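Visitor: curious how this folds, go ahead:
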Amino acid sequence: MADFVGAVDQGTTSSRFMIFDHDGNEVAKHQLEHDQILPRPGWVEHDPVEIWERTNVAIQNAVRSAGISASDLAAIGITNQRETTVVWDPRTGQPYHNAIVWQDTRTDRIVSALERAGHGDLIRRRAGLPPATYFSGGKLQWMLENVDGLRKAAEDGNALFGTTDSWVLWNLTGGPNGGIHATDVTNASRTMLMDLETLDWDDELLGLFGIPRAMLPKINSSSHPDAFGTSRTSRPLNTPVPITGVLGDQQAATVGQVCFARGQAKNTYGTGNFLLLNTATEPVRSEQGLITTVCYRFGDEPAVYALEGSIAVTGSAVQWLRDQMRTIRDAAESETLARTVDDSGGIYFVPAFSGLFAPYWRSDARGAIVGLARYHTNGHLARATLESICYQTRDVVEAMAQDSGVHLDVLRVDGGVTANDLCMQTQADILGVPVSRPVVAETTALGAAYAAGLAVGFWRTKEELAEHWHESRRWEPQWTEEQREEGYAGWKKAVQRTLDWVDVS
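Guide: This next block holds a predicted model:
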């Protein structure tokens, strides 16, 4: 039997390929960034061809650096930035438009019109999601209405839609020469187009957005030995490898954190923050602005659901300091700069660049820095940026406790920002509970590998996977309760200052 499992991790800012052994240890990886295309305020796009090319190179280089061949891989899993919308011509493999990224807000009038027309409750009930710019349905509608010739192409069967998992899968399995057009239940649950209970595309929802059913991918389980085909492209893998797992990135991280029991939760710190709470096989409808989503489905077992709090801008706020403000040269320097001051000096940074996601769901919000005095420095801004990550997480934790009755004893964390010790200490301080990071902090790719490996028997059970989880670092709260509540009260005031900035009527 092959000794390794591979995982494509197609993220918002980069694509990588990681290789894991039977103990869940990282053997090799290669990662390449892709361009962030910002044609207008609030618009965020990616070049799908660039994403596929970078993914290709990442796979090649990771396999080469591991010193193995494709035949040493038992299976490949795919995980991806969710909601980001790609439409392409199956005859040529060429996209009709740049991918519209999950952060993009150009569909604010589309989703506002759905609410005004009284369709919001149907979408919430059927799809588990609020009408929001975040999700794929509105992005696809925008493309059909604004890209010349696309609607006719879609009606004629010459346009395929997918999130980036489907795009990578289709190319990896042959592209125009028989590529598999499929997705999994977790990604499909992020479109506003899938019925949470039937796990199929819903004709009434498709009608609201004017989307031809023929352009949609087949919805499969997240882990299955036969659902996603095998790699067929000569590049990057010269030997066919079964592709047996697909999961949206946050669901993959939940699997990577082995949160398989009801009430277990994880928080991933990446471009945005995403906290998922396992609610077992029954979808829990949120009353507090959270999302009801599919957590995973393995084989023919019943789907497992989750409550999710999705935050649009956390790690990307640090990127904003680096790329737009040029106050730091790399992400790690945010911690160094923030440590030049003892606290944020009373300023708050609410990075509502794409509106506010959970629990507010306000597309009219925009970013604000409040409480500024001449006294403040770049160090205070850096510290306020890290605090904004942690305060937004507290917003979600508070909402989740009200919806589920679960009060966290510890927050299990993963993702790139967890390398920032000051940010994680601040998170423990603001929440008032310990924060725990596993040995493998990049659990998104690991979760995709687990899903793929389970499907082919590389790992036998979920219990076997749980044995691989080990804590690397724990941060205990140091603030007093008075500090915690005073800081959070200021945050809530700052959030109010960001609202009603953009007219979306």
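Visitor: ok, Glu481 touching Gly432?
Guide: Yes. Using CB atoms under 8 Å, Glu481 is in contact with Gly432, at 7.2 Å. C-beta: built from backbone N, CA, C; applies to glycine.
Visitor: who has more neighbours out of these two?
Guide: Gly432 (16 against 9; other CB atoms under 10 Å).
Visitor: can you report phi and psi for that one?
Guide: The phi/psi pair for Gly432 (degrees, to the nearest 10) reads phi 80, psi 20.
Visitor: quick check: which ranges of this structure have low pLDDT?
Guide: 1, 234-236, 504-505 (pLDDT under 70).
Visitor: mind listing what Cys259 touches?
Guide: 265-266, 276, 278, 412 (CB atoms under 8 Å, 6 or more residues apart in numbering).
Visitor: Gly248: which of those is nearest?
Guide: Leu276 (10.3 Å; CB to CB).
Visitor: doesn't the closest one fall inside a strand?
Guide: Yes. Under DSSP: H, G, I helix; E, B strand; the rest coil, Leu276 sits within a strand.
Visitor: show me the beta-bridge partners of it.
Guide: When assigned by DSSP bridges, Leu276 has beta-bridge partners Lys266, Glu308.
Visitor: circling back: farthest-separated two in the contacts of Cys259?
Guide: Asn278 and Arg412 (11.5 Å).
Visitor: overlap of the contact sets of those two?
Guide: 259, 264-265.
Visitor: the longest helix in this protein is where?
Guide: helix 378-404 (DSSP state H).
Visitor: now for that one, which elements pack on it?
Guide: Judged by 3 or more CB pairs under 8 Å, 6 or more residues apart in numbering; DSSP states H and E, the packing partners of helix 378-404 are strand 265-269, strand 273-280, strand 304-311, helix 315-323, helix 333-338, strand 348-350, helix 421-431, helix 481-497.
Visitor: could those be laid out in TSV, adding distance to Thr12?
Guide: Listed next are the helices and strands packed on helix 378-404 as TSV, based on distance: least, CB to CB, whole Å:
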stretch	distance to Thr12
strand 265-269	12
strand 273-280	12
strand 304-311	13
helix 315-323	8
helix 333-338	18
strand 348-350	20
helix 421-431	19
helix 481-497	23
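Visitor: tell me how many other residues crowd Leu32.
Guide: 17.
Visitor: make 191 the starting number, not 1.
Guide: Sure, I'll start numbering at 191, so the last one becomes Leu222.
Visitor: residues contacting Leu576?
Guide: Leu576 touches 508, 524-525, 528, 610, 612-613, 616, counting by CB under 8 Å, 6+ apart.
Visitor: out of those, who has the most neighbours?
Guide: Using other CB under 10 Å as the neighbour test, those are led by Val508, with 28 neighbours.
Visitor: quick check: it touching Val607?
Guide: Yes. Judged on CB under 8 Å, Val508 makes contact with Val607 at a distance of 7.4 Å.
Visitor: out of the helices and strands packed on helix 568-594, which is closest to Gln440?
Guide: Of the helices and strands packed on helix 568-594, nearest to Gln440 by CB to CB is strand 463-470, at 4.0 Å.
Visitor: centre of the chain to that closest one, how far?
Guide: 12 Å (CA atoms, centre = their mean, to the nearest Å).
Visitor: and the contacts of the following helix or strand past that strand?
Guide: Sequence-wise, the next helix or strand downstream of strand 463-470 (DSSP states H and E) is strand 481-486. For strand 481-486, contacts defined as CB under 8 Å, 6+ apart pick out 318-320, 375-376, 378-380, 386, 389, 412-413, 437, 441, 444-445, 466, 468-469, 473-476, 493-500, 548, 641.
Visitor: swap the cut-off to 7 Å and go again
Guide: 318-319, 375-376, 379-380, 386, 412, 437, 441, 444-445, 466, 468, 473-476, 493-498, 500, 548 (CB atoms under 7 Å, 6 or more residues apart in numbering).
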